[in-house]
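Peer 1: sequence and predicted structure, then a few things I'm wondering about:
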Amino acid sequence: NDIPVITVDGPGGSGKGTVTQMLARKLGWHLLDSGAIYRLTALAAVRQGVALDDEAGLVRMAAALDVAFEPTPAGEPAKVLLAGEDVTSEIRTEACGNNASRIAVMQPVRDALLQRQRDFRKAPGLVADGRDMGTVVFPEAPVKIFLTASAEERARRRFSQLMAAGVDVSIDTLLEEIRARDERDTNRSAAPLKPADDAQVIDSTGLSIEEVLDRCVAAAGQT
Ligand code: C5P
């Protein structure tokens, strides 16, 4: 498969979501939001009453998952559909993110979602956003970026987002959740969060989104 892929991995709140969306638009490439796939799996489990530690049940459900990403006008994130229903905002809650991270520790669940993610690789190219895009899903990608930021900065960003959305939370609670999720994502044995050996690491602490995008474009070189 010689369709080019740029992988962007990193912890939640590093700016990955916004930057990969802008990068894909700028290049005219497809976008894989792999976190959304884990979130959708977690949401479907809760809805269907599959326990979050029922590995076999989760695998069966993941294999049959009916998900779709519907493009929206430029500048807006894609609409996320679960069995035809718009769940775009529902999958963005902290609870859904935490549930996603709980099921994401199971290797069989990850295996069940692997091919689904690889299928996003279509011409003219793919920007892949996640935790293990460069290490597991697209290990042969010519351009790999690992985007990070301090936990404090990520908590502040998340806080502003939630405030803007009218959600009342404390920054300390957010920081705690971010640390707990980092810990789980980094220390799991199945595809732990870490830069690929050939990834370029970009620390977005103190950078604007435009500055981060510029660095990613520079990292992507001529592609
Ligand atoms: O990136 P996002 O916050 O949407 O991801 C939600 C959770 O899904 C992460 O905390 C992580 O545990 C899991 N995930 C993963 N591998 C990916 C993307 C997300 O394990 N490629």
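Peer 2: It's in. Residues are numbered from 1 along each chain as shown.

Peer 1: and the top helix by length along the chain with the ligand, contact?
Peer 2: The longest helix of the chain (DSSP state H) is helix 171-187. Yes: using Cβ under 6 Å from any ligand atom, we find that helix 171-187 touches the ligand at Arg181, Asp185. Using the backbone N, CA and C atoms, a C-beta is placed for each residue, glycine as well.

Peer 1: so which elements touch that helix?
Peer 2: Counting contacts by 3 or more Cβ pairs under 8 Å, 6 or more residues apart in numbering; DSSP states H and E, helix 171-187 is packed against helix 94-103, helix 151-164.

Peer 1: which strands or helices does the longest one pack on?
Peer 2: Where contact means 3+ Cβ pairs under 8 Å, 6+ apart, helix 151-164 is packed against helix 171-187.

Peer 1: ok, residues contacting the helix or strand that the helix it packs on is followed by?
Peer 2: Counting by DSSP states H and E, the element after helix 171-187 in chain order, helix or strand, is strand 200-203. The contact list for strand 200-203 (Cβ atoms under 8 Å, 6 or more residues apart in numbering) reads Lys144, Ile145, Phe146, Leu147, Thr148, Ala149, Pro195, Val212, Arg215, Cys216, Ala219.

Peer 1: now the residue nearest in space to the middle of the chain, nearest residue through space, not along the chain?
Peer 2: Closest residue to the average C-alpha location of the chain: Gly35 at 3.2 Å, with Cα atoms, centre = their mean. Distances taken as Cβ to Cβ, 6 or more residues apart in numbering put Gly130 closest to Gly35, at 6.0 Å, once the chain neighbours are dropped.

Peer 1: tell me the pLDDT at that neighbour?
Peer 2: At Gly130, the pLDDT value in this model is 97.

Peer 1: what's opposite it in the beta bridge?
Peer 2: Asp9 (DSSP bridges).

Peer 1: run through the residues that contact it.
Peer 2: Thr7, Val8, Asp9, Leu32, Asp33, Ser34, Gly35, Gln117, Val137.

Peer 1: now the last one: closest residue in space, sequence neighbours ignored.
Peer 2: Closest residue to Val137 apart from its sequence neighbours, by Cβ to Cβ, 6+ apart: Gln117 at 5.2 Å.
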